[in-house]
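> here's my sequence, what's the structure:
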Amino acid sequence: MDKRQDVVSSAQPQGGDDPLVEVIVLVQELDPIERDILVKAAILAPSMHNTQPWKFHFRHRTVEVYCDPTRALGAEDPEGRMTVIGVGAAVFNLRVAAACLGHSASVVPLPDTHRPTLVAEVIVGSQPVDVSGPAALYPYLAHRRTNRHPFADRALPTEVRDQLAQAAHEEGAMLEWIDQPDRVRWLLELATEAAIAEADDPRRLVERQRWVGGERTRDGVPSSAFGPRSYEPSGPVRDLAIDPADRLRSPGRFEPRPNLAVLWTVSDQPRDWLAAGQALERVLLVATTQGVAASLLNQPLEHTDLRWLVRDPRAGWSMAQAVLRFGYGPEVLPTPRRPAEEFVLADDDALPAEGR
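The predicted structure is shown next:
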């Protein structure tokens, strides 16, 4: 297959007293098949309420990754933290797909102050390299799920926990396992308190109605993905139901000793959110390789006054970016995705306003 090539000129000395001569460097573009593989991998990433808040633009061998402001959650994610984490997860999937194609991928965070929605650039190497680690995760992209069903009352093996912690560490984050029963209860109580606060917030409820419940074929969380209601008021799973019929769905008993972990970063800037998204997706994919299901218990992190209470005061200054529940549960269906072509920006759409 022919690949488009760009010509890059540079003047370089050729030794001795020879004058500078122009050296022509040919840079191969990513071909349409490679671009398609990259985008289809990226959009399988998780995002809050499955809003799929990302756009992509290809420039030579660089994938520019943007937030999509039309899919922002102004009420539930006013700072945009969870949106950037979702974009970070898509960035990690791009890296996995590039590795599967046999290429390296380096990430430049927040590369252009004139384009605030440009979250990252992923530069795909043009020479084949040995990237067997990320490439091994590629077959699991389509099998990763958010599982809101009851899990078996069974602890994760130590070696699995260590693998998940190492996955977070490789992306510059830390996965802390919550083993103390009192801290598990505390996290569940904070999640319950957050759910109560949300029930009295009309802006959150209206926003959630746009994205949650019913039969969905393109985006959002369909009713079929809810799982059962918890018999316990402080169950280890988030109940997103808004519609009365969804609220009255059948109840179930969830595991009494959930496997909970908190994903931390050392600070709390957009760069940290981007790193946290990559760490989150790497953890979730490694869990999938081990047959481990996962869901998020992020309610306390979406409330400023509760987010600080998640952290262990004995730990150093660090910021919680996600609360995860792991375990062994039933197979669940994927949530819907829009067609890949809807996520790709044309050249004019990717320019800063003054460049158009």
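
> secondary structure element for residue 161?
helix 158-170 (DSSP states H and E).

> with residue 38 instead?
If you go by DSSP H and E, residue 38 is part of helix 32-42.

> shaky segments in the chain?
Within the chain, the ranges that satisfy pLDDT under 70 run 1-27, 130-132, 313, 315-317, 351-356.

> in the protein, which spans are helices?
Per DSSP state H, the chain carries helices over the ranges 32-42, 81-100, 132-135, 158-170, 181-199, 202-211, 244-247, 270-289, 304-310.

> list the buried ones in the fourth one?
Buried positions in helix 158-170, judged by neighbour count with 16 or more other CB atoms under 10 Å: 160-161, 163-165, 167-168. (C-beta placed from N, C-alpha, C; glycine too.)

> which of the residues you listed lies closest to residue 85?
residue 168 (13.1 Å; CB to CB).

> tell me how far that closest one lies from residue 295.
According to CB to CB, to the nearest Å, residue 168 stands 17 Å off from residue 295.

> from the centroid of this structure, which residue is nearest?
With distances taken as CA atoms, centre = their mean, the residue of the chain nearest its centroid is residue 89 (2.7 Å).

> residues contacting that one?
Going by CB atoms under 8 Å, 6 or more residues apart in numbering, residue 89 touches 45-47, 277-278, 280-281.

> swap the cut-off to 6 Å and go again
45-46, 277, 280-281 (CB atoms under 6 Å, 6 or more residues apart in numbering).

> how about those residues in CSV, adding neighbour count and distance to residue 180?
Output for the contacts of residue 89, formatted as CSV (neighbours: other CB atoms under 10 Å; distance: CB to CB, whole Å):
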residue, neighbour count, distance to residue 180
45, 27, 32
46, 21, 27
277, 32, 28
280, 28, 23
281, 28, 27
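
> I'd like the distance between residue 231 and residue 311.
Distance from residue 231 to residue 311, by CB to CB: 29 Å.

> more neighbours: which of those two?
residue 311 (16 against 11; other CB atoms under 10 Å).

> which other helices and strands contact the helix holding residue 38?
helix 81-100 (3 or more CB pairs under 6 Å, 6 or more residues apart in numbering; DSSP states H and E).

> at 10 Å what do you get?
When contacts are defined as 3 or more CB pairs under 10 Å, 6 or more residues apart in numbering; DSSP states H and E, helix 32-42 packs onto strand 54-59, strand 62-67, helix 81-100, strand 103-109, strand 118-128.

> quick one: buried residues of that helix?
34-35, 37-42.

> angle of it against strand 62-67?
On the basis of axes from the mean of the first three to the mean of the last three CA atoms, to 10 degrees, helix 32-42 is oriented at 30 degrees to strand 62-67.

> off-centre distance for helix 32-42?
Relative to its chain's centre, helix 32-42 lies at 17 Å (CA atoms, centre = their mean, to the nearest Å).

> of the buried residues of helix 32-42, closest to residue 193?
Closest to residue 193, out of all of these and judged by CB to CB, is residue 42, at 34.8 Å.

> wait, what's in contact with that closest one?
52, 54, 56, 63, 65, 87, 89-97, 122, 141, 340, 343 (CB atoms under 10 Å, 6 or more residues apart in numbering).

> now with 6 Å?
Residue 42 sits next to 90, 93-94 when contact means CB under 6 Å, 6+ apart.

> look up how far residue 52 lies from it.
Distance from residue 42 to residue 52, by CB to CB: 10 Å.

> any idea how many residues pack against residue 349?
11.

> quick check: it vs residue 325, distance?
As judged by CB to CB, residue 349 and residue 325 stand 38 Å apart.

> and residue 109, by the same measure?
Counting by CB to CB, the separation of residue 109 from residue 325 is 28 Å.

> neighbour-wise, which of these two wins?
residue 325 (24 against 20).

> surely that one touches residue 255?
No - distance between residue 325 and residue 255: 8.8 Å, which falls outside the contact criterion (CB atoms under 6 Å).

> need the overlap of contacts for the two.
Residues touching both residue 325 and residue 255 by CB under 6 Å, 6+ apart: none at all.

> give me the nearest residue to residue 58, chain neighbours excluded.
residue 35 (5.7 Å; CB to CB, 6 or more residues apart in numbering).

> same question but for residue 102, I mixed them up
residue 128 (4.4 Å).

> please apply the same query to residue 129.
Distances taken as CB to CB, 6+ apart place residue 104 nearest to residue 129, at 4.8 Å, with adjacent residues excluded.
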